[in-house]
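Chemist: Any chance you could fold what I've pasted below:
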Amino acid sequence: MDFKELIKVRQSNRAYQDRAVEKEKIEQCLEAGRLSPSANNAQGWTFVTVDDVELKNRVAESAYRMGGAFVKQAPVIIVLVAEKPLFMSKFGSALRKIDFSSLDIGIAAAHICLQAADLGLGTCMLESFDEKSIKTLLNIPDNRRVALLITLGYSADIQREKKRKKLDEVVRWNKY
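Modeler: Okay, here's the model as predicted:
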């Protein structure tokens, strides 16, 4: 798929078909995340892929506001865990007062979601969940942060038209 088309078709899917995702496709999505850029090449993430139905449903129940309903429909949940930052990343974050770890996780998540869309899969990023519950369920160490969840599966949603601001509302040239 051409890139412009890809960014137009990628959307947050909240309905999934009752259909398993091929392991090869899951691995391609994870590889896209692995290859994404990060500040100081820190690669400060671990992707915990949950496809065991019972465990996935328990993780889904930890998603706030969603009540786990549509999250349970997805056959796969990818849990993005922020690892301890390298010294240079931590130093740079403190110096610039920017959380590079969160930016890096966001870039990795975007790569995962765009690769999924290219493979005909749907995704939805979730930032609101019971972190403690997920850490317990997946044996994630206390000194790590669960940054994001991504549902993954074959979408049952209709393709929606993107509603975005016009380009001249968000772009400035040479000054604000």
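
Chemist: going forward, measure contacts between C-alpha atoms and count neighbours the same way
Modeler: OK.

Chemist: which ones are touching the one residue sitting closest to the centre of the chain?
Modeler: In the chain, the centroid-proximal residue (Cα atoms, centre = their mean) is Ala109; its distance is 3.7 Å. Residues near Ala109 by Cα atoms under 8 Å, 6 or more residues apart in numbering: Gly33, Leu80, Met125, Ile150.

Chemist: if I look at the last one, how far off is Lys4?
Modeler: Using Cα to Cα, to the nearest Å, one obtains 22 Å as the distance from Ile150 to Lys4.

Chemist: Now do the helices in the chain.
Modeler: With helices called from DSSP state H, the chain shows them at 3-9, 23-34, 53-60, 69-73, 87-96, 100-118, 131-138, 167-170.

Chemist: Could you list the single helix or strand in the protein with the lowest mean pLDDT?
Modeler: helix 87-96 (a mean of 60; mean pLDDT, DSSP states H and E).

Chemist: Show the buried residues in the contacts of Ala109.
Modeler: Buried by 16 or more other Cα atoms under 10 Å: Gly33, Leu80, Met125, Ile150, out of these.

Chemist: Let me know the closest of these to Ile105.
Modeler: Taking Cα to Cα as the measure, Ile105 sits nearest to Leu80 out of those, at 7.3 Å.

Chemist: Return the per-residue confidence for Met1.
Modeler: With respect to pLDDT, Met1 scores 84.

Chemist: Touching, it and Asp118? I think so.
Modeler: Yes. If you go by Cα atoms under 8 Å, Met1 and Asp118 touch, sitting 6.3 Å apart.

Chemist: These two: which has the busier surroundings?
Modeler: Shown here are Met1 and Asp118; by other Cα atoms under 10 Å, Asp118 has more neighbours (19 against 10).

Chemist: got a list of what that one touches?
Modeler: Residues counted as contacts of Asp118 (Cα under 8 Å, 6+ apart) are Met1, Leu6.

Chemist: Run the chain-centre distance for stretch 139-154.
Modeler: Computed by Cα atoms, centre = their mean, to the nearest Å, the chain-centroid distance of stretch 139-154 equals 9 Å.

Chemist: Give me the buried stretch members for that stretch, please.
Modeler: Buried, per 16+ other Cα under 10 Å, within stretch 139-154: Ile140, Arg145, Val146, Ala147, Leu148, Leu149, Ile150, Thr151, Leu152, Gly153, Tyr154.

Chemist: just stretch 166-173 next, same as before
Modeler: For stretch 166-173, the neighbour count (16+ other Cα under 10 Å) marks no residue as buried.

Chemist: Same question for stretch 24-39.
Modeler: Ile26, Cys29, Leu30, Ala32, Gly33, Arg34, Ser36, Ser38, Ala39.
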